[in-house]
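>>> Quick check, what structure comes out for this input:
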Amino acid sequence: MENQLEHLYNCVNTLVAKFNTLNADNASLNQRITALEQEKRQLIEQYNAQLSSKEQLHTEHVNTLQNLSDKQINDLKVENTVLRATLIDTSDAIKTLMSRLPKVVQEEIEQ
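Residues are numbered from 1 along each chain as shown. All right, here's what the predicted structure looks like:
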């Protein structure tokens, strides 16, 4: 009976030692998990900050290009208006000059 108690006592001590070892391993793993979760949060924050910065730069670039293209379009519209007015003025001047030519010369020009 004493032998059985001693055997039981040894088994309990072995189990307690294993429990303590596993408990220490568990605590270590929990610390590692906590550290990795913190690192993950930091990486996500860094990623989001970089993404936000790049989105802002992209938006600014798009706005700059939009403003530039709008300016160029407006400049081309103004130039088109000026050229049309010049064309109309030139056409009118040519018609005036042709009306002053003798009839014979006008017929030759039209042919």
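
>>> Could you measure from residue 94 over to residue 20?
With the distance defined as CB to CB, to the nearest Å, residue 94 ends up 109 Å from residue 20. For glycine as for every other residue, the C-beta is placed from the backbone atoms N, C-alpha and C.

>>> any idea which element the spatially most central residue of the chain lies in?
In the chain, the centroid-proximal residue (CA atoms, centre = their mean) is residue 55; its distance is 4.0 Å. For residue 55, the host element (DSSP states H and E) is helix 2-100.

>>> name the helices or strands packed onto that helix?
Using 3 or more CB pairs under 8 Å, 6 or more residues apart in numbering; DSSP states H and E as the contact test, no helix or strand touches helix 2-100.

>>> What's the mean pLDDT across that helix?
Helix 2-100 carries an average pLDDT of 95.

>>> Quick check: buried residues in stretch 80-97?
For stretch 80-97, the neighbour count (16 or more other CB atoms under 10 Å) marks no residue as buried.
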